[in-house]
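**Student:** With the sequence up front, the predicted model follows.
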Amino acid sequence: MPGRVAILKQRDYLIATVQGDLSDEEIVALRDDLAERVGRYRARAIIVDVTAFDVIDSFVARSLRALAITARLRGARTVVVGIQPDVAIAMVQFRIDLAPLVTALDLDEALRILDATPRRAHDG
């Protein structure tokens, strides 16, 4: 997946910016990589920027949900940002649901959401 996804650490957040549509194998690798990095960096949240996605099909939606659940089990929240209007319309038409994922319009909104979330008791 080199070059296809940029993963940055900002404060205690991981920000994954996808550079284009990913294959099913790349989506799974991203999910696994981010789940591992949550522990390595003690990340409190993951922000996944999907602005470059031309489509979010049922496999991608399931993989993003699995990432959110895996990250939650590791103590981190997941926010997906940048769903394009035509992608959102297609997702509604095909009844593709991202629940329990939190979505935001852009990175700024995601950061506001996460910054407003109280830290877990064991975070100190």
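**Tutor:** Received the coordinates, thanks. Numbers count the residues shown, from 1 in each chain.
**Student:** For the residue nearest in space to the middle of the chain, which three-state class applies?
**Tutor:** For the chain, Val48 is the residue whose C-alpha lies nearest the centre (C-alpha atoms, centre = their mean; 3.2 Å). Assigned with DSSP: H, G, I helix; E, B strand; the rest coil, Val48 falls in the strand class.
**Student:** Who are the contact partners of it?
**Tutor:** Counting by C-beta atoms under 8 Å, 6 or more residues apart in numbering, Val48 makes contact with 16, 18, 34, 64, 67, 78-81. The way it works is simple: take the backbone N, C-alpha and C, and place the C-beta from them, glycine included.
**Student:** need those in JSON lines with distance to Lys9, can you?
**Tutor:** Listed next are the contacts of Val48 as JSON lines, based on distance: C-beta to C-beta, whole Å:
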{"residue": "Ala16", "distance to Lys9": "11"}
{"residue": "Val18", "distance to Lys9": "17"}
{"residue": "Leu34", "distance to Lys9": "11"}
{"residue": "Leu64", "distance to Lys9": "20"}
{"residue": "Leu67", "distance to Lys9": "17"}
{"residue": "Thr78", "distance to Lys9": "15"}
{"residue": "Val79", "distance to Lys9": "15"}
{"residue": "Val80", "distance to Lys9": "18"}
{"residue": "Val81", "distance to Lys9": "17"}
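**Student:** Now Asp106: closest residue in space, sequence neighbours ignored.
**Tutor:** Nearest residue to Asp106, sequence neighbours excluded (C-beta to C-beta, 6 or more residues apart in numbering): Val81, at 5.5 Å.
**Student:** The one you found against Ala110, yeah?
**Tutor:** Yes: look at Val81 against Ala110 with C-beta atoms under 8 Å: they come within range, at 4.9 Å.
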